[in-house]
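Q: Okay, sequence plus prediction incoming.
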Amino acid sequence: MGSDFEIIQEVLHGKRCLYGELVKKYEQQIYALGIKFFHNQEDAEDFSQEVFLKAYQQLHTFRGDSSFYTWLFRIGYFLGLSWNRRKRPAVPIPEDFDIPESSGGPETQHFRKDAIAALRHALEELPERYRICLELYFTFGMTYQDISNITDIPIGTVKSHVFRAKSRLKDLLTGTVAEGPHDL
């Protein structure tokens with residue numbers, strides 16, 4: 001058809017069925033975001049439907065200052081935070097993040113599983129603002145500018161959060177963190 005902006009203009013001028021093209025184009029990314037927040041298929045599917053419904057309802061507010069994907073992801077991000085406040089915080093490591101059976105023996109498998117468990121635990125220890133920036137940067141490959149647009153955090157602060165999150169993870173994983181409360 002055309003660019004996202006052109007499709008949106010057509011939808012706003014009465015061709016509502018074209019919205020399905022945008023859903024098809026971005027449904028996998030929004031579903032992946034839902035999986036990151038909720039870690040199960042059912043909640044991720046409900047989440048995805050809600051994101052696309054909210055986006056449709058607010059489509060008239062899309063100005064084109066950012067890409068439609070960034071705008072849609074922002075809706076999903078805040079919806080996920082809202083829904084997730086009722087649940088446990090998400091940890092951005094997929095459940096299937098395992099070494100293939102053919103790669104190494106039982107010791108390698110055991111070591112990998114222990115390392116993944118340690119990483120999950122360390123991520124849970126990060127302040128939420130750091131974890132969110134880190135997840136958007138590494139898991140979703142977003143630029144600092146996109147993260148800033150999505151979260152309303154200034155770009156310099158996003159960079160700082162990613163840097164501090166990586167530093168804190170390194171400390172947590174190497175056992176060099178001093179005991180006591182930490183809220184970098």
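A: That came in fine, so what should we check first? Note that this is a predicted model, so its numbers are computed, not measured.

Q: Now do the SS call for Asp65.
A: Following DSSP: H, G, I helix; E, B strand; the rest coil, the label given to Asp65 is coil.

Q: State the distance from it to Phe47.
A: Asp65 sits at a distance of 25 Å from Phe47 (criterion: Cβ to Cβ, to the nearest Å). Yep, even glycine has a C-beta here, placed from its N, CA and C like the rest.

Q: Would you map the helices across this protein?
A: Counting by DSSP state H, the chain has helices at residues 4-12, 19-38, 41-57, 68-84, 106-125, 128-138, 144-151, 155-174.

Q: Tell me how far stretch 159-170 lies from the chain's centre.
A: Relative to its parent chain, stretch 159-170 has a centroid offset of 17 Å by Cα atoms, centre = their mean, to the nearest Å.

Q: for stretch 47-67, same thing?
A: 17 Å.

Q: again, but for stretch 32-41
A: For stretch 32-41, the distance to the chain centre is 9 Å (Cα atoms, centre = their mean).

Q: what's the average pLDDT for it?
A: Stretch 32-41 shows a mean pLDDT of 85.

Q: same check, this time on stretch 63-82
A: 89.

Q: Also stretch 137-151?
A: pLDDT averaged over stretch 137-151 gives 87.

Q: mind listing what's buried in that stretch?
A: For stretch 137-151, the neighbour count (16 or more other Cβ atoms under 10 Å) marks Tyr137, Phe140, Met142, Tyr144, Asp146, Ile147, Ser148, Asn149, Ile150, Thr151 as buried.

Q: Look at Asp65 and Phe47 and report which has more neighbours.
A: With neighbours defined as other Cβ atoms under 10 Å, Asp65 and Phe47 compare such that Phe47 has more, 22 against 8.
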